[in-house]
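*Asks:* Can you look at this prediction? I've put the sequence above it.
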Amino acid sequence: MTTSMSTSASTSVAAFSFSSAAPVSSRSNYLYHSSKKTLSHHRHVIIPTQSRSKKQGSQQQLHMALSLPRGGAAAVSAVVAEGTSSVFQTMAATPTNLFHTALVALGVATALLKLLPRVVGSSVESSVEASSKTPKSAAVKSLQRRFLAVFWLLRCADWLQGPYFYEVYASKLFGGKPASMGVISKLFLTGFASTAVFGPFVGRAADARGRKLGTLAFTALYAVGACSTKSPVLWALLLGRVASGIGTSLLFSAPESWLVGEAQTTEGAMDYLGDTFGMAYAGDSLVAIAAGQLAALAASKRGPTGPFELSVGFLGLGALLTSLLWKENVADTSSSSSKQPSIKEAVDVIRADPKIIMVGATQSLFEAAMYIFVLQWPPAISKAVSSAFAGVSTSTATATPYGTVFSCFMASCLLGSTMFGFLGNVMGCATETSASFMLALATVAMGGAAFFTSPLNTMVTGMPLLGALVASLFAFEACVGMYFPSIGTLRSKYVPDSHRSVIMNLWGIPLNVLVVSVFLGIHKLGISGALSISTASL
């Protein structure tokens, strides 16, 4: 399934699996108010009031001089430090303030990283490009524009459906009763199951019949799934989830396969595939943030089905641009024994090349860890926020701002995508090397998240560590931002075009099996157990 659909599923998990946490003292409020009193005290000591007479003035000047401690500069520094501390305490006074501050910090970090090559790395970048790439031609730029215009529209349609996945099905009535959590879970798992079962077959069809046709089929299937949310009938909803699951297989294989196929016939385009994937997924993070706002607006006007209705519009626009801007390409079968690629041949190709096995295993295990994470972050964040802000008097002030947290995750992804471009284009780092670094960091980050949500953390530290947990989750999301352009580049390098879509979907089978297994056993595993499985996958 897609990230957005898993994100929506995480919202459903949040709705029924949050647990209350033990209260802790409101130390942040105490520090904030005490720092204000201290600052006020230093003002009165250092700056005397105006005297009524020269005598009073002299006495007050003497009093001021005696009141200043030795090392007056140190005292002033202490006042400044306490004032600065009060600012930071204000930023972290509520969960909303905390995550808004984090969002700004992530945005600033991304901007600085983007500007860094222009400040210190222009000569390095020029030498790297001169030694490894041909100048970007007009044909390459045209290919990038045609691909990105369609890709971002399709991704926007996908992201629009994510935030309201749970709500749209929870609003249904079956037999006069609201949909139970069991029914919603079955609808969710139906999508994953259809992706695993039908993925290899639709991938084979896309390779044989055309990647452009496969992309158009995605828009049609996803539109059917979106329109099905208007129905009050359970079997229609289930068929819609099947269609969406099949569409997901096409979304994550057909457009990428089309791009690689076109790049192979466009002079110089293969040198810029990594650059194209970096642009695609950096823009995807911004598209996700915008889609979240559009989804909220559509839901306020049309109810929970509003975002799905709007999604159909973006799918139609994406289909139109695909028809106008893309030309058809099919798998290159010159190295295949048959004119049309088969699933059996794809399996033989995988078994014959250890590099394909490594790339495919990375795809399956990383994305499984990612989807498990998406299912677990809402209850994890909620529990940590409740514990950290237990001393705040109003429940509204301590509510977890899921929309802002999601925006922070997308900003982290943008930071990761920017880092991928920086390492490749400026530092000349091979994708294999940067991917290894990314996987190591992701393992550490996920392991940290598993620890900070475990009972062992409470035994060691005495309380959930919100800051450490948030830092771990943001670091993993940055790795997600690096992962997608990395895996796209590696697949274009090692997976043969003759069976590209089939192979990509074959590796989706173990991915979906692992995610569904964890979801079915979540009540026994708990949050920390699920994140520990993600760590082991990485």
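*Replies:* Noted; the coordinates are in hand.

*Asks:* Helix or strand with the lowest mean pLDDT in the protein?
*Replies:* helix 27-46 (a mean of 37; mean pLDDT, DSSP states H and E).

*Asks:* ok, then the element right after the biggest helix by length in the chain?
*Replies:* The helix that spans the most residues within the chain, counting by DSSP state H, is helix 354-388. Helices and strands here follow DSSP states H and E; after helix 354-388, the next one along the chain is helix 402-421.

*Asks:* What are the buried residues along whichever helix or strand comes after that following helix?
*Replies:* Once helix 402-421 ends, the next helix or strand along the chain (criterion: DSSP H and E) is helix 431-452. Neighbour-count burial for helix 431-452, with 16 or more other Cβ atoms under 10 Å as criterion, is recorded at 431, 434-435, 438-439, 441-452. No exception for glycine: its C-beta is placed from N, CA and C like everyone else's.

*Asks:* and residue 224, how many residues sit next to it?
*Replies:* 18 (other Cβ atoms under 10 Å).

*Asks:* And for residue 314?
*Replies:* Neighbours of residue 314 using other Cβ under 10 Å come to 24.

*Asks:* Can you name the residues that contact it?
*Replies:* 153, 154, 156, 157, 160 (Cβ atoms under 8 Å, 6 or more residues apart in numbering).

*Asks:* Skipping its backbone neighbours, what lies nearest residue 360 in space?
*Replies:* What sits nearest to residue 360 in space, not counting adjacent residues and going by Cβ to Cβ, 6 or more residues apart in numbering, is residue 507, at 4.1 Å.

*Asks:* related to what we said a few turns ago, among the contacts of residue 314, which are located in helices?
*Replies:* 153, 154, 156, 157, 160.

*Asks:* Which one of those sits in the busiest neighbourhood?
*Replies:* residue 157 leads the ones in helices among the contacts of residue 314 on contacts (other Cβ under 10 Å) with 31 neighbours.

*Asks:* List the contacts of that one.
*Replies:* Taking Cβ under 8 Å, 6+ apart as the test, what residue 157 contacts is 219, 222, 311, 312, 314, 315, 318.

*Asks:* again, 7 Å this time
*Replies:* Shown in contact with residue 157 (Cβ atoms under 7 Å, 6 or more residues apart in numbering): 222, 311, 314, 315, 318.

*Asks:* ok, the residue nearest to residue 360 touching residue 363?
*Replies:* Yes: assessed by Cβ atoms under 7 Å, residue 507 is found in contact with residue 363 at 5.0 Å.

*Asks:* what is in contact with those two at once?
*Replies:* What both residue 507 and residue 363 touch, as defined by Cβ under 7 Å, 6+ apart, is an empty set.

*Asks:* low-confidence ranges in the stretch 251-400 of the chain?
*Replies:* Within the stretch 251-400 of the chain, the ranges that satisfy pLDDT under 70 run 333-341, 391-398.

*Asks:* Nearest residue to residue 281 in space, please, no chain neighbours.
*Replies:* Looking at residue 281 with Cβ to Cβ, 6+ apart, the closest residue is residue 484, at 4.3 Å.

*Asks:* And that neighbour, which helix or strand is it part of?
*Replies:* helix 466-494.

*Asks:* what's the model's confidence in that helix, averaged?
*Replies:* For helix 466-494, mean pLDDT rounds to 90.

*Asks:* Could you give the separation of it from the chain centroid?
*Replies:* On the basis of Cα atoms, centre = their mean, to the nearest Å, helix 466-494 sits 8 Å off its chain's mean C-alpha point.

*Asks:* what comes up buried for it?
*Replies:* Of the residues in helix 466-494, those buried (16+ other Cβ under 10 Å) are 466, 468-492, 494.

*Asks:* Beyond it, next helix or strand please.
*Replies:* Sequence order places helix 500-506 as the next helix or strand after helix 466-494, per DSSP H and E.

*Asks:* tell me what that following helix is packed against?
*Replies:* Judged by 3 or more Cβ pairs under 7 Å, 6 or more residues apart in numbering; DSSP states H and E, helix 500-506 is in contact with helix 181-209, helix 254-264, helix 343-352.

*Asks:* give me that answer again for 6 Å
*Replies:* For helix 500-506, the packing partners by 3 or more Cβ pairs under 6 Å, 6 or more residues apart in numbering; DSSP states H and E come out as helix 181-209.

*Asks:* Could I get the buried residue list for the helix or strand just after the helix it packs on?
*Replies:* Later in the chain than helix 181-209, the nearest helix or strand by DSSP H and E is helix 211-228. By 16+ other Cβ under 10 Å, the buried positions in helix 211-228 come out as 211-219, 221-228.

*Asks:* Over to stretch 272-288?
*Replies:* In stretch 272-288, counting by 16+ other Cβ under 10 Å, buried: 272-285, 287-288.

*Asks:* List of residues touching it?
*Replies:* With Cβ atoms under 6 Å, 6 or more residues apart in numbering as the test, stretch 272-288 has contacts from 140, 144, 151-152, 155-156, 159, 263, 410, 413-414, 417, 420-421, 424, 484-485, 488-489, 492.

*Asks:* Then stretch 214-229?
*Replies:* Outside stretch 214-229, the residues that touch it by Cβ under 6 Å, 6+ apart are 168, 206, 236-237, 240, 243-244, 246-247, 250-251, 254-255, 305, 308, 311-312, 315, 318-319, 322.

*Asks:* Quick one, which of those residues are buried?
*Replies:* By 16+ other Cβ under 10 Å, those give 168, 206, 237, 240, 243-244, 246-247, 250-251, 254-255, 305, 308, 311-312, 315, 318-319, 322 as buried.

*Asks:* before we move on, the earlier item: just the buried subset of the contacts of stretch 272-288, please.
*Replies:* 140, 144, 151-152, 155-156, 159, 263, 410, 413-414, 417, 420-421, 424, 484-485, 488-489, 492.

*Asks:* and residue 425, how many neighbours?
*Replies:* 21.

*Asks:* returning to that earlier point: mind putting the contacts of residue 314 into JSON lines with pLDDT and distance to residue 405?
*Replies:* Output for these, formatted as JSON lines (pLDDT from 0 to 100; distance: Cβ to Cβ, whole Å):
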{"residue": "153", "pLDDT": "95", "distance to residue 405": "26"}
{"residue": "154", "pLDDT": "95", "distance to residue 405": "25"}
{"residue": "156", "pLDDT": "94", "distance to residue 405": "20"}
{"residue": "157", "pLDDT": "94", "distance to residue 405": "23"}
{"residue": "160", "pLDDT": "89", "distance to residue 405": "19"}
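
*Asks:* so where's the stretch 401-538 of the chain shaky on pLDDT?
*Replies:* Along the stretch 401-538 of the chain, the parts satisfying pLDDT under 70 run over 457-464.

*Asks:* Give the closest residue to residue 231 in space, chain neighbours not counted.
*Replies:* Going by Cβ to Cβ, 6+ apart, residue 231 has residue 237 as its nearest residue, at 6.2 Å.
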